[in-house]
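1. Sequence first, predicted model second:
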Amino acid sequence: CLAILAGVFDCRGRVYSSVYLCTENCFVPAAFAFLIGENMKFDFQQKAVAITGAGGILCSEMTMFLAKQNARVCLLDIDVQAVTDLQEKIRKAGGEALAIACDVLDEEAIRKAHETILNTYGPVNFLINGAGGNHPKATTTSPVFSKEQLGQEKTFFDLSKPDFTFVFDINFIGAFLVIK
């Protein structure tokens, strides 16, 4: 299985939506890998691709790309409406998609999602761990927050210890639990 890690910090403590492809022999920016398109060495044709955070901006775009490559995309997110809408969009375009409600910090939800994928498409061939963020509300089902809702913009270094713990959990523990 190909694993993909997301969430890269810059020197100011901001998390960007940089995603990296990780295989046995390489660690490259996914943006580069997806830009080379047809030159990619991965065959997604009829392969099951599980994507956490699929309802988000970056992962929904990757999902659309993969669906156009005839992948069987498995859309995992806590925002059920976002992945249901994306599933419908992919199916209307002739692709295969499966929307699954899944919180990457809930091992039982992950187990059920895996079971659903196995029963529908067989084993997962590729995994994109895209769920995460640098704000404790990164896993909310609300797609947009006003400045009043979030307060003053903060960097990673401004987070309180409980907020940092949550950010760590969603970005690292969540990825670990899904890969496991």
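-> Nice, thanks for sending it over.
2. what about stretch 74-85, start to end distance?
-> End-to-end distance of stretch 74-85 (Cα to Cα, to the nearest Å): 13 Å.
3. Could you list the residues in contact with it?
-> 48-56, 60, 63, 86-87, 97-104, 113, 117, 120-121, 124, 131, 139, 141, 143, 178 (Cβ atoms under 8 Å, 6 or more residues apart in numbering). Using the backbone N, CA and C atoms, a C-beta is placed for each residue, glycine as well.
4. Can I get the buried part of those as one ChimeraX selection?
-> Buried residues within the contacts of stretch 74-85, by 16 or more other Cβ atoms under 10 Å, are selected in ChimeraX with:
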select :48,49,50,51,52,53,54,55,56,60,63,86,87,97,98,99,100,101,102,103,104,113,117,121,124,131,139,178
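5. Looking at the contacts of stretch 74-85, which are in helices?
-> Secondary structure from DSSP state H places 60, 63, 86, 87, 113, 117, 120, 121, 178 of the contacts of stretch 74-85 in helices.
6. how close does the second one get to residue 71?
-> Residue 63 sits 9 Å away from residue 71 when distances are taken as Cβ to Cβ, to the nearest Å.
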